[in-house]
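In: sequence first, then the predicted structure, then my questions.
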Amino acid sequence: MNQDRIQYLDSLRGLAALSVVWSHYMQAYGAYFPFSERFWNTPLHIFFDGFAAISFFFVLSGLVLSRKYFADQALFSEAKFSLIGFYCARTVRIVGPFCIALLLSLIAKEYVFSDQVILSEQSEWVKTFWRYEVSGLRFFSEAVLFFPPQRLRLIPQDWTLHIELVMSFLIPFLIFLAFRNSSWLIVLTALCLVYFDSPFLLHFSLGVLLSRHFNFIKEKVMQQPKTIKLAVLCVGILLYSWGYSIRPYMLEYTIFKKHFIFSGIGSSIIISIFIGSTSLKRIVSNRPMLYLGKISYSMYLTHFIVLLCFIPNLFLTMMKYKQFASSHLVMIGFFGIALAAIVFSSFFYHFFEHGFVNLSRRINRIFIK
């Protein structure tokens with residue numbers, strides 16, 4: 001796969017990770033955010049739609065994990081592909097940084113976090129986190145991502161990592177089906193969606209299908225005029241933001257409640273347009289965006305430390321020197337948490353995650369014959 005493809009996909013992942021940071025911030029302080037009620041149930045909610053970002057992560061994972069096997073089909077042959085190597089490398093890549101982030105979260109909870117720092121601007125939602133004792137058994141059970149997550153967690157978003165890890169183990173099987181016939185994968189995904197009512201296999205399958213037909217999608221999108229690309233991109237954004245832009249107005253229809261289905265479809269449409277649009281790829285391929293993509297997993301893992309430890313103390317420090325209106329305080333915090341999350345995740349990436357990335361690559365090289 002060309003390097004530029006990896007880069008712009010990583011940049012998109014970085015933007016999705018930043019939207020998760022803002023999503024949790026808005027859940028904590030959004031009631032005081034200026035004009036939030038005007039764009040809450042609109043497509044503009046994509047800037048802090050954490051649930052849609054999860055769909056995007058999963059679709060992107062399906063694409064990225066399978067792309068090199070479709071680009072070079074010899075890699076998926078019996079002679080070269082190692083299922084054990086794939087599983088080991090994926091486990092190291094996900095679980096290694098997570099365990100370090102979990103340990104740092106425990107340290108932050110015990111030595112930095114204070115449940116006495118409760119501001120009037122905080123929602124009841126954010127006041128429920130980290131206000132419990134962490135036993136050794138509880139810590140260990142959260143660290144083992146293979147099991148379903150418990151209710152009270154140091155990293156509340158780690159339920160998505162459980163899904164990511166389990167679904168990653170299905171990726172070789174999904175690739176095999178797509179190699180034989182894409183229709184087989186589509187039928188299997190539809191059956192699972194109907195009988196198990198879980199949209200997450202759909203997300204990974206969509207990613208694998210994007211990867212399987214990558215060159216075809218690229219050519220078809222490149223042939224379209226800019227107006228058509230823009231129209232399709234808008235449809236993708238509307239579906240991506242389904243949970244807030246459409247779902248609240250159609251609750252009487254059961255199918256429309258399943259926002260993860262529509263956000264997954266919207267994610268694949270958005271990615272498809274980027275695959276075939278040189279101008280869009282150029283927009284997200286600048287150095288800051290590429291760096292945001294590089295640290296995206298670190299940001300996803302560690303931003304709750306920033307939300308629960310840095311932001312309350314930032315607000316308290318600011319109020320010591322000047323009386324801020326709640327709306328001004330929350331607006332400053334909106335940009336403050338993005339900056340602090342980027343700084344902290346940069347530290348985490350270079351000191352911790354990068355080592356696990358290299359280890360994962362070495363494992364892949366060892367097992368590829």
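Out: Happy to help now that I have it. What you see is a predicted model, and the numbers here were worked out from it, not measured in a lab. Numbers count the residues shown, from 1 in each chain.

In: any idea how far the host helix or strand of residue 166 is from the chain center?
Out: Residue 166 is located in helix 159-168, with elements delineated by DSSP states H and E. Relative to its parent chain, helix 159-168 has a centroid offset of 11 Å by CA atoms, centre = their mean, to the nearest Å.

In: tell me the mean pLDDT for that helix?
Out: The average pLDDT for helix 159-168 rounds to 91.

In: what do you get for stretch 28-42?
Out: So the average pLDDT for stretch 28-42 ends up being 73.

In: equivalent analysis for stretch 107-118, please.
Out: 82.

In: what comes up buried for it?
Out: Buried residues in stretch 107-118, counted by 16 or more other CB atoms under 10 Å: 108-109, 113. For the C-beta atoms, the positions are set from N, CA and C on the backbone; glycine is no exception.

In: same check on stretch 177-195?
Out: 177-179, 185, 189, 192-193.

In: state the mean pLDDT of it.
Out: Mean pLDDT, computed over stretch 177-195, is 89.

In: in JSON lines: the buried residues of stretch 177-195, plus distance to residue 222 and secondary structure.
Out: Formatted as JSON lines, the buried residues of stretch 177-195 follow (distance: CB to CB, whole Å; DSSP: H, G, I helix; E, B strand; the rest coil):
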{"residue": "177", "distance to residue 222": "28", "secondary structure": "helix"}
{"residue": "178", "distance to residue 222": "23", "secondary structure": "helix"}
{"residue": "179", "distance to residue 222": "25", "secondary structure": "helix"}
{"residue": "185", "distance to residue 222": "25", "secondary structure": "helix"}
{"residue": "189", "distance to residue 222": "27", "secondary structure": "helix"}
{"residue": "192", "distance to residue 222": "33", "secondary structure": "helix"}
{"residue": "193", "distance to residue 222": "31", "secondary structure": "helix"}
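
In: chain neighbours aside, what residue packs nearest to residue 15?
Out: What sits nearest to residue 15 in space, not counting adjacent residues and going by CB to CB, 6 or more residues apart in numbering, is residue 292, at 7.0 Å.

In: hang on, isn't that neighbour packed against residue 19?
Out: No. The criterion here is CB atoms under 8 Å, and residue 292 misses it with residue 19 at 11.3 Å.

In: looking at those two, which is more packed in?
Out: Remark: of residue 292 and residue 19, residue 292 carries more neighbours, 24 against 18, as counted by other CB atoms under 10 Å.

In: which strand or helix spans that one?
Out: Residue-wise, residue 292 maps onto helix 287-294 under DSSP H and E.

In: and what of residue 130?
Out: Residue 130 belongs to no helix or strand, assigned by DSSP H and E.

In: list phi and psi for it.
Out: phi 70, psi 20 (degrees, to the nearest 10).

In: so for the helix holding residue 166, what gets flagged as buried?
Out: Result for helix 159-168 [16+ other CB under 10 Å]: buried residues 160-165, 167-168.

In: downstream of the helix or strand of the chain with the lowest mean pLDDT, the next helix or strand is which one?
Out: None of the helices or strands of the chain scores lower by mean pLDDT, DSSP states H and E than helix 36-39, at a mean of 68. Tracing the chain C-terminally past helix 36-39 and defining elements by DSSP H and E, one meets helix 50-71 next.

In: got the angle for that next one vs helix 159-168?
Out: 20 degrees (axes from the mean of the first three to the mean of the last three CA atoms, to 10 degrees).

In: relative to residue 39, how far out is residue 264?
Out: Using CB to CB, to the nearest Å, we find residue 264 at a distance of 23 Å from residue 39.

In: more neighbours, the two?
Out: residue 264 (30 against 15).

In: helix, strand or coil for the more buried one?
Out: With DSSP: H, G, I helix; E, B strand; the rest coil as the basis, residue 264 sits in helix.

In: OK, contacts around it?
Out: If you count contacts by CB atoms under 8 Å, 6 or more residues apart in numbering, residue 264 has them with 55, 58-59, 199, 202-203, 206.

In: rerun that using 7 Å as the cut-off
Out: Contacts for residue 264 (CB atoms under 7 Å, 6 or more residues apart in numbering) come out as 55, 59, 199, 202-203, 206.

In: what is the nearest of these to residue 288?
Out: Nearest to residue 288 among these, counting by CB to CB, is residue 59 at 23.7 Å.

In: how many residues are close by that closest one?
Out: With other CB under 10 Å as criterion, residue 59 counts 28.
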